[in-house]
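Asker: sequence and predicted structure are below.
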Amino acid sequence: MDNIYITPEHELLRDQVARFVAREVEPHGAAWEEAGMVPRDVLRRMGQAGLLGLMYEGRYGGGDADALTNLVFAEALSQSTFAGFIITVLVHTDMASPHLHHAGSPAQKDKYLHRVTSGELITAVGITEPGAGSDVAGIRTTARKEGDDWVLSGTKMFITNGVHADLYFIAAKTGTARHDMTMFIVEKGTPGFSVGRALKKTGWLSSDTAELVLDNVRIPATNLLGEQGKGFYSVMKNFQTERIALAAMAVGHSTQALKLTLDYVRQRQAFGATLWEQQTIRQRLAMLDAKTRAARSFMYHCAWCVTQARDIVQEVSMLKALSGELVNEVVQTCQQFHGGMGYMRETAIERLWRDARVLAIGGGATEVMLEEVAKRY
């Protein structure tokens, strides 16, 4: 069931994304999980289809779209059962490249942004560190000015697209104050910048995740992104887009898990009847569907508020906490109703179960999100 925010244009976009996922992703996703990455040619085809920069200006190859349209895209993408593919794309479109779009100079945008929307350059954002996750201000990577250059030193951890990205947006301290942070553009291949190691995860297996090492990485002053010392606020601003995208993943996974499970329980026989004929199963699935639809409506309301330029940090924090916990409740229950098959790697529900867990952690853990909500009462 759709909501009041969906337009015929949104429906066309959703159908376009659904066809792309069915044709380009689902038949190949298992092989990508074995390889630990999404092939670059698939991402370039997304760029050619105009799907990698919907909210950016047309002169940069974007779609001049608003936050609602972008949410339609993210939710449609999240109907895939391969979350590693989904997060590879959404980090590029909603979590990394927006730093360039929002804070980049005209020269920086002219140099990079068209290649970002085409899929020629894949992006990553380097904020998280071994000792600083949700506590963004706790980062220890530093940037010092030397002549006309900046020199960056530090380590980043759990960086999605970290192994195979071409362009990185790196947060570093440029002063002693807790929130004195600046964003920088670092290209792959810059001397001193390397992948320390590729990280092995429980889920999101086709998404490459890395530790990044910055060993006296020298970059020109023109690679400073935005205002010096204002990077913390840039990161906080972009978190709203990121958290709505993660909510879209959660709602998409929940919706897909319920569809798979409804099909399964209607045909699975046990004790002389289908599982669907067991009242407790029907009722639990109905309640989970109700919760998912409610979360979806709240998610679209948040995106609409973004189009109205409203301050919705509290609401988006609620959404992130709610959807991250809900998807884990949904997929675990759905997996339970699949019985032993739900624990087999060959099943989509097992994959959704693995992939859903991180949605209550990444992009702001549930507990951190609830603190953001509480301190605004």
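Answerer: Now that the structure is in, tell me what you want to look at.
Asker: quick one: buried residues of stretch 348-357?
Answerer: By neighbour count, and taking 16 or more other C-beta atoms under 10 Å as the criterion, the buried residues in stretch 348-357 are 348-357. Using the backbone N, CA and C atoms, a C-beta is placed for each residue, glycine as well.
Asker: dump those residues to a markdown table, plus secondary structure.
Answerer: Conversion of the buried residues of stretch 348-357 to a markdown table gives the following (DSSP: H, G, I helix; E, B strand; the rest coil):
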| residue | secondary structure |
| --- | --- |
| 348 | helix |
| 349 | helix |
| 350 | helix |
| 351 | helix |
| 352 | helix |
| 353 | helix |
| 354 | helix |
| 355 | helix |
| 356 | helix |
| 357 | helix |
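Asker: distance to residue 368 added to those residues, as a markdown table?
Answerer: Written out in a markdown table, the entries for these read as follows (distance: C-beta to C-beta, whole Å):
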| residue | distance to residue 368 |
| --- | --- |
| 348 | 30 |
| 349 | 29 |
| 350 | 28 |
| 351 | 27 |
| 352 | 24 |
| 353 | 23 |
| 354 | 23 |
| 355 | 21 |
| 356 | 18 |
| 357 | 16 |
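Asker: turn those into TSV, columns for distance to residue 328 and pLDDT.
Answerer: Conversion of the buried residues of stretch 348-357 to TSV gives the following (distance: C-beta to C-beta, whole Å; pLDDT from 0 to 100):
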residue	distance to residue 328	pLDDT
348	16	95
349	13	97
350	14	97
351	14	96
352	10	97
353	9	97
354	11	96
355	11	96
356	5	97
357	6	97
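Asker: where along the stretch 151-300 of the chain do the strands fall?
Answerer: When assigned using DSSP state E, counting those that start in this stretch, the strands of the stretch 151-300 of the chain occupy the ranges 167-173, 181-187, 193-198, 209-220, 224-225, 269-270, 273-274.
Asker: which strands and helices lie in contact with the fifth one?
Answerer: Of the remaining helices and strands, those touching strand 224-225 by 3 or more C-beta pairs under 8 Å, 6 or more residues apart in numbering; DSSP states H and E are helix 97-103, strand 181-187.
Asker: now mean pLDDT too, for the ones you listed, in CSV please.
Answerer: Listed next are the helices and strands packed on strand 224-225 as CSV, based on pLDDT from 0 to 100:
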stretch, mean pLDDT
helix 97-103, 95
strand 181-187, 97
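Asker: and those: which comes nearest residue 212?
Answerer: Checking the helices and strands packed on strand 224-225 against residue 212 by C-beta to C-beta gives strand 181-187 as the closest, at 8.9 Å.
Asker: quick revisit: go through the helices and strands packed on strand 224-225 and name the closest to residue 263.
Answerer: Among the helices and strands packed on strand 224-225, if distance is taken as C-beta to C-beta, the winner is helix 97-103, at 36.7 Å.
Asker: how about that closest one: buried residues?
Answerer: Neighbour-count burial for helix 97-103 flags 97-101, 103 (criterion: 16+ other C-beta under 10 Å).
Asker: just checking, what packs against it?
Answerer: In terms of contact count using 3+ C-beta pairs under 8 Å, 6+ apart, helix 97-103 is assigned the packing partners helix 106-117, strand 123-126, strand 167-173, strand 181-187, strand 224-225, helix 231-267.
Asker: restrict that helix to CA atoms and write it as PDB.
Answerer: The C-alpha atoms that make up helix 97-103 are tabulated as PDB, following Å, rounded to 0.1, in the frame of the first residue of the first chain:
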ATOM      1  CA  SER A  97      29.300  11.900  -2.200                       C
ATOM      2  CA  PRO A  98      26.900  14.300  -0.500                       C
ATOM      3  CA  HIS A  99      29.900  15.800   1.300                       C
ATOM      4  CA  LEU A 100      31.200  16.900  -2.000                       C
ATOM      5  CA  HIS A 101      27.900  18.100  -3.200                       C
ATOM      6  CA  HIS A 102      27.000  20.100  -0.100                       C
ATOM      7  CA  ALA A 103      30.400  21.500   0.800                       C
END
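Asker: identify all contacting residues around it.
Answerer: Residues outside helix 97-103 that contact it (C-beta atoms under 8 Å, 6 or more residues apart in numbering) are 53, 55-56, 108-109, 112-113, 116, 123, 125, 167, 169, 183, 185, 225-227, 234, 237-238, 241.
Asker: ok, now which ones touch the residue of the chain positioned farthest from its centre?
Answerer: Relative to the centre of the chain, and counting by C-alpha atoms, centre = their mean, the farthest-placed residue is residue 272 at 43.7 Å. By C-beta under 8 Å, 6+ apart, the contact list for residue 272 is empty.
Asker: next, give phi and psi for it.
Answerer: Summarising the backbone geometry of residue 272 under the convention degrees, to the nearest 10, its torsions are phi 80, psi 10.
Asker: between the buried residues of stretch 348-357, which is nearest residue 268?
Answerer: Residue 268 lies nearest to residue 349 out of those, by C-beta to C-beta, at 12.4 Å.
Asker: could you measure from that closest one over to residue 205?
Answerer: From residue 349 over to residue 205 the distance is 16 Å, taken as C-beta to C-beta, to the nearest Å.
Asker: that older thread, just the buried residues from the contacts of helix 97-103, in ChimeraX please.
Answerer: Selecting the buried subset of the contacts of helix 97-103 in ChimeraX, with 16+ other C-beta under 10 Å as the burial test, is done by:
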select :53,55,56,108,109,112,113,116,123,125,167,169,183,185,225,226,234,238,241
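Asker: need the helices and strands packed on strand 224-225 in JSON lines (columns: distance to residue 41).
Answerer: What follows is the helices and strands packed on strand 224-225, written out as JSON lines (distance: least, C-beta to C-beta, whole Å):
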{"stretch": "helix 97-103", "distance to residue 41": "19"}
{"stretch": "strand 181-187", "distance to residue 41": "21"}
